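Student: What follows is a protein structure lacking sequence information:
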């Protein structure tokens, strides 16, 4: 016999619990939420210390371009001062000690006070995590203003293990 319990959380996710632990799943109610957008096309700068190739980052950008998003350029920065994003830029750099042991990457968005548009973004990722499937794609989603969406197999799912390439609701 299986016992089910369902409830909605404040972030509008429907969580289903069962006595059979193999059947626990999470479903989102509603569409993904985009908190902010860019005014123009952002540039993408990769700090060489992340050890991410341009090819790997371009693959992540192609996922979002398929959904209608545009990027100005992507390049690797080999300078020692790489680390702070410039206006209109997404920078990919090493973490500054702000990742927990359970995080693969994190994204910090800076918005303009008056317009609320995204001004610049900083993606923190370790080399090992950046090479994993979907990690950079997911963080680029945050860089485009998307929040987590707890639909199993969705690109913006907060858990890498439960995420996937589903892009429902993310098209520009």
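Tutor: That came through, no problem. Keep in mind the model is a prediction, meaning the values are calculated, not measured.
Student: can we go C-alpha only for contacts and neighbour counts from here?
Tutor: Noted.
Student: Give me the phi and psi for the residue nearest to residue 34 when sequence neighbours are not counted.
Tutor: In space, residue 34 comes closest to residue 146 once its chain neighbours are excluded; the distance is 4.3 Å by Cα to Cα, 6 or more residues apart in numbering. Backbone torsions of residue 146, given as degrees, to the nearest 10, read phi -80, psi 140.
Student: Now for residue 146: which residues touch it?
Tutor: Contact analysis of residue 146 by Cα atoms under 8 Å, 6 or more residues apart in numbering lists 32, 33, 34, 35, 36, 156.
Student: Tell me how many other residues crowd the second one.
Tutor: When you say that, I think you mean residue 33. 14 (other Cα atoms under 10 Å).
Student: Go through the longest helix seen in the chain and flag the buried ones.
Tutor: In the chain, assigned by DSSP state H, the helix with the most residues is helix 54-66. Across helix 54-66, burial judged by 16 or more other Cα atoms under 10 Å covers 54, 57, 58, 60, 61, 63, 64.
Student: Repeat that for stretch 76-95.
Tutor: Quick answer for stretch 76-95 (16+ other Cα under 10 Å): 76-77, 82-83, 85, 88-95.
Student: Turn the contacts of residue 146 into CSV, including secondary structure.
Tutor: Below are those laid out as CSV (DSSP: H, G, I helix; E, B strand; the rest coil):
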residue, secondary structure
32, coil
33, coil
34, strand
35, coil
36, coil
156, coil
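Student: returning to what we had before: and the buried residues of helix 54-66, which is closest to residue 165?
Tutor: Closest approach to residue 165 among the buried residues of helix 54-66 (Cα to Cα): residue 63, at 9.0 Å.
Student: Please enumerate the helices of this structure.
Tutor: Ranges of helices within the chain are 54-66, 127-130, 135-143, based on DSSP H.
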